[in-house]
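[1] coords please:
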Amino acid sequence: MFDFFRRKKDIKDEIEEVEESLEDNTSKDDNSNENIVELENFENLESNPIDETHDYLEVDTDLNNAEEEIEENIKKVSFFDKLKDGLIKTRDKFSSQVKNLFTANVKIDDDLFEELEEILISADIGMDSTLAIVDSLRDEIKERKIKDTNEIYPLLEEIMIKHLDKNNLDNELNIKEDELSIILVIGVNGVGKTTTIGKLAYDLKQEGKKVMLAAADTFRAAAIEQLGEWANKADVEMVALDQGADPSAVIFDAIRSAKSKDIDVLICDTAGRLHNKKNLMKELEKINKTIDTHAGKANRDNLLVLDATTGQNAVSQLREFKNVTDITGLILTKLDGTAKGGIIFPLQSELNVPVKYIGLGEGIDDLEKFDSKSFVKALF
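    Numbering: from 1, shown residues only. As a prediction, the model looks like this:
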């Protein structure tokens with residue numbers, strides 16, 4: 001950059017020299033004309049210095065791109081660290097057992113595979129998923145002619161990722177630009193549904209979406225107030241009626257308000273529905289009918305919130321809710337407080353429902369988008 005300013009100074013000096021030359025040679029028309037042309041060239045160069053700075057602008061652009069790439073990499077690293085910390089209970093139990101199994105002198109035989117099955121089942125990965133993973137591992141070891149047990153550990157990780165992704169499920173929410181999207185959040189009491197809605201609203205707003213909440217859990221005492229607190233934390237609007245009001249009426253009012261205010265995403269809370277309470281299930285059907293009638297063209301998601309600490313009971317809940325309504329995705333909460341994180345495998349792989357988000361803490365930013373590869377790597 002200093003060279004550029006020196007260049008400008010040199011140009012001025014040369015202009016002065018040309019002007020002096022013009023004064024000394026006014027009697028020579030040809031030389032005068034040549035000098036005038038030369039002077040104009042210098043003046044043009046002085047008044048258009050952008051070419052001199054072009055290289056510097058390119059360097060600045062490259063630096064900005066590099067900084068953005070570094071920031072993105074930092075985010076990825078921090079997310080993975082957060083994921084590993086959140087899964088510490090599952091990882092400590094699972095990873096230590098697997099590492100101890102694949103010791104340097106262990107023999108690759110049926111006993112090894114049986115012990116691995118026990119480890120996977122104890123992590124709540126489920127019988128069907130466990131057998132499928134172990135069978136794939138056995139086949140790959142034979143096909144690749146692996147003799148060293150140190151090679152089995154990374155191979156197991158690779159197979160577990162493939163198993164989670166075997167159905168090519170879409171883990172993204174059904175949200176499109178300039179279109180209303182309605183997310184119906186369901187789940188039994190105690191799974192962290194209200195908290196999850198607040199976190200989801202915050203996450204979507206951070207992505208630039210206009211978000212509104214509908215407090216359709218009108219049965220549980222203080223449910224509306226609690227959702228209101230999360231709406232304030234996430235800084236989003238909430239539509240609510242009095243406790244005991246018809247949940248479908250709340251949904252109707254919320255849809256009308258969302259349309260008038262160009263809301264991108266309407267997130268609807270519902271009462272904690274125990275899957276063995278038929279009357280509550282009928283209420284859920286009524287809410288879905290209200291949405292279909294008054295927002296039939298909206299993008300839809302029916303998300304079931306499940307508590308990871310309940311283990312295989314979460315699988316039973318998903319089976320029951322699937323009999324009543326179309327479940328498009330799952331949010332698995334409290335993963336940071338359990339060693340049963342493996343429950344994701346039967347939920348996504350066996351019951352064919354994608355996990356959209358996982359909860360890793362109590363903070364408003366502790367809801368993370370689910371990614372199979374990152375999840376499995378965090379277990380190892």
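[2] Tell me where the model's unsure across this structure.
    Applying pLDDT under 70 to the chain flags residues 1-80, 104-105, 273-277.
[3] Show me where it has its strands.
    181-186, 211-215, 237-239, 265-269, 299-307, 329-333, 355-359, 367-369 (DSSP state E).
[4] out of those strands, nearest to Lys166?
    Closest to Lys166 of the strands of the chain, according to CB to CB: strand 355-359, at 13.8 Å. Heads up, the C-betas are built off the backbone N, CA and C, glycines and all.
[5] what's the angle between that closest one and strand 181-186?
    60 degrees (axes from the mean of the first three to the mean of the last three CA atoms, to 10 degrees).
[6] Can you name every helix or strand that strand 355-359 contacts?
    helix 193-206, strand 329-333, strand 367-369 (3 or more CB pairs under 8 Å, 6 or more residues apart in numbering; DSSP states H and E).
[7] who's in contact with the shortest one?
    Right, strand 367-369. 79, 82-83, 86, 171-172, 196, 199-200, 202-203, 331, 356-360 (CB atoms under 8 Å, 6 or more residues apart in numbering).
[8] mind running it again at 10 Å?
    Residues from elsewhere that reach strand 367-369, judged by CB atoms under 10 Å, 6 or more residues apart in numbering: 79, 82-83, 86, 171-173, 192, 195-203, 331, 333, 335, 355-361, 374-375.
[9] Quickly compare the helices and strands packed on strand 355-359 and say which is most buried.
    For those, the largest average neighbour count (mean count of other CB atoms under 10 Å) is found in strand 329-333, namely a mean of 25.
[10] for it, the distance to its chain's centre please.
    Relative to its chain's centre, strand 329-333 lies at 13 Å (CA atoms, centre = their mean, to the nearest Å).
[11] Also stretch 212-229?
    For stretch 212-229 - counting by CA atoms, centre = their mean - the centre lies 25 Å from the chain centre.
[12] Report the buried residues of that stretch.
    Judged by neighbour count using 16 or more other CB atoms under 10 Å, the buried positions of stretch 212-229 are 212-219, 223-224, 226-228.
[13] I'd like the helices and strands packed on strand 355-359 as a markdown table, with distance to Asp242 appended.
    Formatted as a markdown table, the helices and strands packed on strand 355-359 follow (distance: least, CB to CB, whole Å):
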| stretch | distance to Asp242 |
| --- | --- |
| helix 193-206 | 18 |
| strand 329-333 | 28 |
| strand 367-369 | 29 |
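[14] just to revisit the earlier point, report the two of the buried residues of stretch 212-229 separated the most.
    Distances among these were taken as CB to CB; the most separated pair is Met212 and Phe219, at 21.2 Å.
[15] do you know how far the nearest residue to Thr130 once chain neighbours are set aside is from Lys334?
    Nearest residue to Thr130 in three dimensions, chain neighbours excluded: Leu120, at 4.2 Å (CB to CB, 6 or more residues apart in numbering). In this view, Leu120 and Lys334 are 21 Å apart by CB to CB, to the nearest Å.
[16] In terms of neighbours, single out the busier of these two.
    Leu120 (24 against 21; other CB atoms under 10 Å).
[17] Could you pull up the residues touching that one?
    By CB under 10 Å, 6+ apart, the neighbours of Leu120 are 94, 97-98, 126-127, 129-131, 133-134, 156, 160, 342, 345.
[18] out of these, which one sits closest to Ile291?
    The shortest approach to Ile291 among the contacts of Leu120 belongs to Phe345, at 31.3 Å (CB to CB).
[19] what sits against that closest one?
    Per CB under 10 Å, 6+ apart, neighbours of Phe345: 120, 123-126, 128-130, 132-133, 160, 163-164, 355, 372, 375-376.
[20] what sits against Ile121?
    Contacts for Ile121 were tallied using CB under 10 Å, 6+ apart; they are Met127, Ser129, Thr130, Leu131, Gly342.
[21] Now a PyMOL select for only the buried ones of those residues.
    Buried residues within the contacts of Ile121, by 16+ other CB under 10 Å, are selected in PyMOL with:
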select buried, resi 129+130+342
